[in-house]
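Q: Kindly return the folded structure for what I paste below:
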Amino acid sequence: MGLMTSMRTRMHVVLWALLALFLLSMTVGGLVGGANIIDQIFGRVNPSTAIGIVNGEKIDPVLFSRNVGSRIDQIRASGQPITDQQLSQARSQVWNDLIREIIVSQTIEEMGITASDEEVLYHLKNNPPSFLKSSPNFQTNGQFDPVKYEEAINNPEGDEWFSIEQWMKNTFIPSYKLQQLIFASATVTEDEIKREFINRNINYTIDIIHVTDRIIDKTLLEPAEEEILVYYNENIDDYQRTENRNIRLASWKKDPSTADTTDVLDFANELMERLQNGEDFAALANEYTEDPSNTVTQDSSKGGSLGWFGKGQMVPAFEEAAFNAKKGELVGPVLSSFGYHIISVIDKKTEKDKEQVLASHILLKIDITPRTLDLYRGESRLFSYDGKDFGFNTALDSHQVKLTEMKNVSEKSVFILRVGMMPSALQFIFNATIGEVSDPIENDNFFAVFTVDSVLAPGSKPFEDVKDAIKSQMTRERTTDETEILSGEFRKQVDDGAPFDSLIAWNENLEHAEKDKKTLSRGFTSIGRGNFINGALLNAQAGELLGPIKTSRGYTLMKVLEVQEFDSTTYVVQKDGLRTTLQRQKRNAAYGDWLNAKTEEAEIVDNRKFHGYN
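A: Next up, the predicted model:
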């Protein structure tokens, strides 16, 4: 029996559906503990397998897969195509979310945080979870309607609220209490509010000299190879690697074939003929164009209309055809980077000595056809068969194929040369023996067949592999030190009476801004904004010379010309809003820092690669 016992029958299904959808789409950052509650509701945990383990608690691979599917469904529902990168990101996000949900759930249990029936009633009435507030059943004109919601919870008809009550009691309220404990450390002082007001409202007018690496001849600061080697040996712990593998791959890019292009051109010519025989351009455009901007709503289109446009607004081939055509002329097919266009030039005019065209078009994209995909798939399959039977090198000799070599591939590699993201390929690479040849593997843009040439055991990265990176790093560090020294010398010259203008005249590579008037939140010309800059200006007075102060690109000297007066009346008006904003920011930061610290402390076993994920 629920805490409330009467309501319209239809709400039973609605509430269950809302809770299930919310749990499947929930991410850490608000309410947590979804993994446990889903396990309890659906009973689908398989205790004999685990895609991961967090402090001894298993992550069910079925749950992981279901949550990834839910995330992908959300992306698909937004109208976006599902790419390999989005799939990889979805898997990574779900993995991180589940880890954090388990950590939060474990913390709640360790701290003995619970919720009473009275607290459930209070929160249902006064602090409903977001998925209830966003439900159309409790909204009017797209906004949460407290009257509708109160009527629903006060007039039930059965136990349809029971599942939500249990979730509130076991997950929502304990998580809410934990958050409040963490938030208690996120206090906002009067000084912080005042500082934020100054950042947003007080204008500073300054002259700026910015000493950047433009003034340095970096070639004079590059280290000798002996120095690089010393740095490498002194910092050898920074150049450790896990097991790496050297690979080769044969690839087939999923580009349209000549036959695909010819088919589109033939159809474009067919449409041209129909138009020349009198068929309506707008009707054919609405039926056949593949220009996404042609669609206005689900039930209406623009008939291919592009409106008026001038030169420089269209791709070159299209522009040339449209502007060379006469008013009323039909032009095409015209090939551009988008595909084939049929252009109807409706009108032409000249305004302010600039020619404009009013036109419509039909765009036919040149996409790869299933026929060509099957051809590439078949070629990659034959290559794989030959590679397995006779060896990868022999297959290369007998097939016309693009070969790519990649060294030092690690399990953490994201992109593979030429083919980009291909998680299944990484799985093969780190499960294969030397010389083994893969089946064809594909992503959005390629088919590929892989082989492992060699395995590099964990250890220090060879000096030759990191030499250039160390050289660049040492040069950057030396350049930063040199700019600091030079900016100190410039400060001394200004203190001795040299005006900013004379420094600029003597050093053309110095960056300079005069009378730059900005608030601290906006950032200044050349130097931008940052903690060092804002901190120096915050208490500065007109007439002061500040610096050298470190920037993201070097060091700066700033001459303060004017500081806007502090407006106490405006401060009183904005004070409460600023307090709320700062408190929200500090609470989010405190909760995020706590989660990150707990995650770093946790003992996590990652078994994703054994379940086909990388």
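Q: doesn't Val437 make contact with Ser384?
A: Yes. Under the criterion of C-beta atoms under 8 Å, Ser384 makes contact with Val437 at 6.2 Å. (C-beta placed from N, C-alpha, C; glycine too.)
Q: Spit out the residues that contact the two alike.
A: Common neighbours of Ser384 and Val437 (criterion: C-beta atoms under 8 Å, 6 or more residues apart in numbering): Ala395, Val449.
Q: now the chain, which segments are flagged as low pLDDT?
A: Residues of the chain that meet the criterion pLDDT under 70 lie in 1-48, 157-158, 612, 614.
Q: And for Lys311, nearest residue in space, chain neighbours not counted?
A: Spatially, and ignoring its direct neighbours in sequence, Lys311 is nearest to Glu319 (6.2 Å; C-beta to C-beta, 6 or more residues apart in numbering).
Q: Could you measure from the one you found over to Leu181?
A: To Leu181, Glu319 is 63 Å away according to C-beta to C-beta, to the nearest Å.
Q: same question, Asn539
A: Distance, Asn539 to Leu181, by C-beta to C-beta: 35 Å.
Q: higher neighbour count, these two?
A: Leu181 (12 against 9; other C-beta atoms under 10 Å).
Q: List the contacts of that one.
A: Applying C-beta under 8 Å, 6+ apart to Leu181 gives no contacts.
Q: How is it assigned, secondary-structure-wise?
A: Assigned by DSSP: H, G, I helix; E, B strand; the rest coil, the conformation of Leu181 is helix.
Q: Return the distance of stretch 195-208 from the chain's centre.
A: 31 Å (C-alpha atoms, centre = their mean, to the nearest Å).
Q: how about it: buried residues?
A: Under the neighbour-count criterion of 16 or more other C-beta atoms under 10 Å, stretch 195-208 has Arg195, Glu196, Phe197, Ile198, Asn199, Asn201, Ile202, Tyr204, Thr205, Ile206, Asp207, Ile208 buried.
Q: Sitting in helices, which of those do you find?
A: Under the assignment DSSP state H, the buried residues of stretch 195-208 contribute Arg195, Glu196, Phe197, Ile198, Asn199, Asn201 to helices.
Q: From Ala184, how far off is the last one?
A: Translated: Asn201. 30 Å.
Q: circling back to that earlier point, between the buried residues of stretch 195-208, which is nearest Asn170?
A: Nearest to Asn170 among the buried residues of stretch 195-208: Glu196, at 38.6 Å, using C-beta to C-beta.
Q: Please report the distance of that closest one from Ser185.
A: In this view, Glu196 and Ser185 are 19 Å apart by C-beta to C-beta.
Q: Please apply the same query to Glu411.
A: Distance of Glu411 to Ser185, computed by C-beta to C-beta: 38 Å.
Q: Which one of these two is surrounded by more residues?
A: Comparing Glu411 with Ser185 by other C-beta under 10 Å, the one with more neighbours is Glu411, at 14 against 11.
Q: Name the nearest residue to that one, sequence neighbours excluded.
A: Of all residues not flanking Glu411 in the chain, Phe430 sits nearest, at 5.5 Å (C-beta to C-beta, 6+ apart).
Q: And the strands in the stretch 101-250 of the chain?
A: Remark: strands assigned in the stretch 101-250 of the chain by DSSP state E, counting those that start in this stretch are 139-140, 143-144, 203-212, 240-241, 244-253.
Q: try the stretch 501-614 of the chain
A: Using DSSP E, counting those that start in this stretch, strands in the stretch 501-614 of the chain cover 511-519, 545-550, 554-563, 604-606.
Q: Paired strands for the second one, with orientation please.
A: Strand 545-550 has its sheet partners listed here by DSSP bridges as strand 554-563 (antiparallel).
Q: send the alpha carbons of the strand it pairs with over as PDB?
A: Output of strand 554-563 as PDB, limited to C-alpha atoms (Å, rounded to 0.1, in the frame of the first residue of the first chain):
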ATOM      1  CA  GLY A 554      53.600  35.900 -21.700                       C
ATOM      2  CA  TYR A 555      53.800  38.800 -19.300                       C
ATOM      3  CA  THR A 556      52.100  42.200 -19.300                       C
ATOM      4  CA  LEU A 557      52.600  45.700 -17.900                       C
ATOM      5  CA  MET A 558      49.400  47.700 -17.300                       C
ATOM      6  CA  LYS A 559      49.000  51.400 -16.600                       C
ATOM      7  CA  VAL A 560      45.700  52.100 -14.800                       C
ATOM      8  CA  LEU A 561      44.100  55.200 -16.300                       C
ATOM      9  CA  GLU A 562      40.700  55.100 -14.700                       C
ATOM     10  CA  VAL A 563      38.600  52.900 -12.400                       C
END
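Q: quick one on the thing from earlier: thinking the residue nearest to Lys311 is in contact with Ala325, fair?
A: No. Assessed by C-beta under 8 Å, Glu319 is found out of contact with Ala325, at 11.0 Å.
Q: shared neighbours, these two?
A: Common neighbours of Glu319 and Ala325 (criterion: C-beta under 8 Å, 6+ apart): none identified.
Q: Other residues contacting the longest strand seen in the chain?
A: Identified as the longest strand of the chain according to DSSP state E is strand 339-351. With C-beta under 8 Å, 6+ apart as the test, strand 339-351 has contacts from 264-265, 268, 271-272, 275, 281, 290, 304, 308, 318, 321-322, 325-335, 355-366.
Q: what's the next secondary structure element after it?
A: Per DSSP states H and E, the first helix or strand lying C-terminal to strand 339-351 is strand 354-364.
Q: ok, back up a step: I'd like to know which of the ones in helices among the buried residues of stretch 195-208 is nearest to Glu101.
A: Set against Glu101, the nearest of these by C-beta to C-beta is Glu196 (33.0 Å).
Q: show me the residues around the closest one that make contact.
A: By C-beta under 8 Å, 6+ apart, the neighbours of Glu196 are Leu578, Thr581, Leu582.
Q: So which of the residues you listed wins on neighbours?
A: Most surrounded of the contacts of Glu196: other C-beta under 10 Å gives Leu578, at 20 neighbours.
Q: Check the gap between that one and Gly592 for me.
A: Distance from Leu578 to Gly592, by C-beta to C-beta: 21 Å.
Q: ok, now Ala184?
A: For Ala184, the distance to Gly592 (C-beta to C-beta) stands at 16 Å.
Q: Perfect, I'm done here.
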